[in-house]
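>>> My questions are about this predicted structure, shown below with the sequence.
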Amino acid sequence: MKDTKVNAAILIIGNEILSGRTQDTNTSTLATWLNSIGVKVKEVRVIPDIEKTIVDTLNVLRKENDYVFTTGGIGPTHDDITAESVSKAFGLKYEIHKEGYKILESYYKPGEFNEGRQKMIWMPENAELILNPTSGAPGFSVENVFCLPGVPSIMKSMLGGITNKIVGGEPILSKTISLKTVESEIANSLTKVQDNNKDVEIGSYPFFHAGKLGVSIVLRSENQSKIDECNLQILKFVNEKKIEVVER
């Protein structure tokens, strides 16, 4: 069996996320994809387009995690400073990526590949390209850091191209049980189940749906039989307390 403890950090870069102008959906997309290939997201940080902040944060995250995924700041405008900041974090030269240049040169019509667009292929020395099937401009990776664009649809389209570069553990499986109850009613029973099932991560999340107040219990593990066993233990106390299980 593969070593299953593979972790990652997600670094969302952009003033527009912090100001609330743009909603971050990339965290959810990345975390779902990483879970499916057996990589557990350990932390997510959202930081502004400030070089020192990017460099310092990246240098902490890349040492503490197997992988770091950044989104945002690799476009053609003046505030897109992720690539240059990554170069500084690794102490690498910041230069035109020759292969990337050829890709964009052939992507744009003659005369359209202007100076602004050329900025998108300035990268750290010897960076590996992450191909972009949607809009031409590639992302890149250096060692364990993968830099992706901030536009959600474009970022999502690029994940398939890097799946084979990520060595994950066993995929992380999950099961959800939704109950018509409140957290305080099940807290003690749930704690006992958690104490007896150290290999299953148990979370409880209140919901309000179609006029119904309830709690969803989410079980997560790499082992389906452990989830099944945990599920049975939860259903046992749910039946004893005569709590209704609801379909969501």
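Thanks, I have the structure now.

>>> Where does the record place the domain boundaries for the protein?
Under automatic domain parsing, the residue ranges defining each domain of the chain are 7-165, 173-245.

>>> Take those and lay them out in a markdown table including mean neighbour count and mean pLDDT.
Every C-beta, even on glycine, is put in place using the N, C-alpha and C of the backbone. Converted to a markdown table, the domains of the chain look like this (neighbours: other CB atoms under 10 Å; pLDDT from 0 to 100):
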| stretch | mean neighbour count | mean pLDDT |
| --- | --- | --- |
| domain 7-165 | 17 | 95 |
| domain 173-245 | 15 | 93 |
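
>>> Could I get the full set of helices for the protein?
Along the chain, counting by DSSP state H, helices occupy 15-18, 26-36, 51-64, 82-90, 98-107, 115-118, 152-158, 183-196, 224-240.

>>> got CSV for those, with distance to residue 168 too?
Output for the helices of the chain, formatted as CSV (distance: least, CB to CB, whole Å):
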stretch, distance to residue 168
helix 15-18, 26
helix 26-36, 8
helix 51-64, 17
helix 82-90, 23
helix 98-107, 27
helix 115-118, 34
helix 152-158, 17
helix 183-196, 25
helix 224-240, 17
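
>>> Tell me how far residue 34 lies from residue 80.
Look at residue 34 and residue 80: by CB to CB, to the nearest Å, they are 24 Å apart.

>>> What residues does residue 40 make contact with?
Contacts for residue 40 (CB atoms under 8 Å, 6 or more residues apart in numbering) come out as 5-8, 34, 172.

>>> Take those and lay them out in a markdown table including distance to residue 198.
Below are the contacts of residue 40 laid out as a markdown table (distance: CB to CB, whole Å):
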| residue | distance to residue 198 |
| --- | --- |
| 5 | 14 |
| 6 | 19 |
| 7 | 18 |
| 8 | 22 |
| 34 | 22 |
| 172 | 16 |
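
>>> Now go through those residues and say which are in strands.
7-8 (DSSP state E).

>>> Farthest pair within the contacts of residue 40?
The span of the contacts of residue 40, defined through CB to CB, is set by 5 and 34 at 13.4 Å.

>>> Residue 26 reaches residue 158, doesn't it?
No: applying CB atoms under 8 Å as the test, residue 26 and residue 158 come out as separate, 11.2 Å apart.

>>> Need the residues touching each of the two.
Shared contacts of residue 26 and residue 158 (CB under 8 Å, 6+ apart): residue 148.
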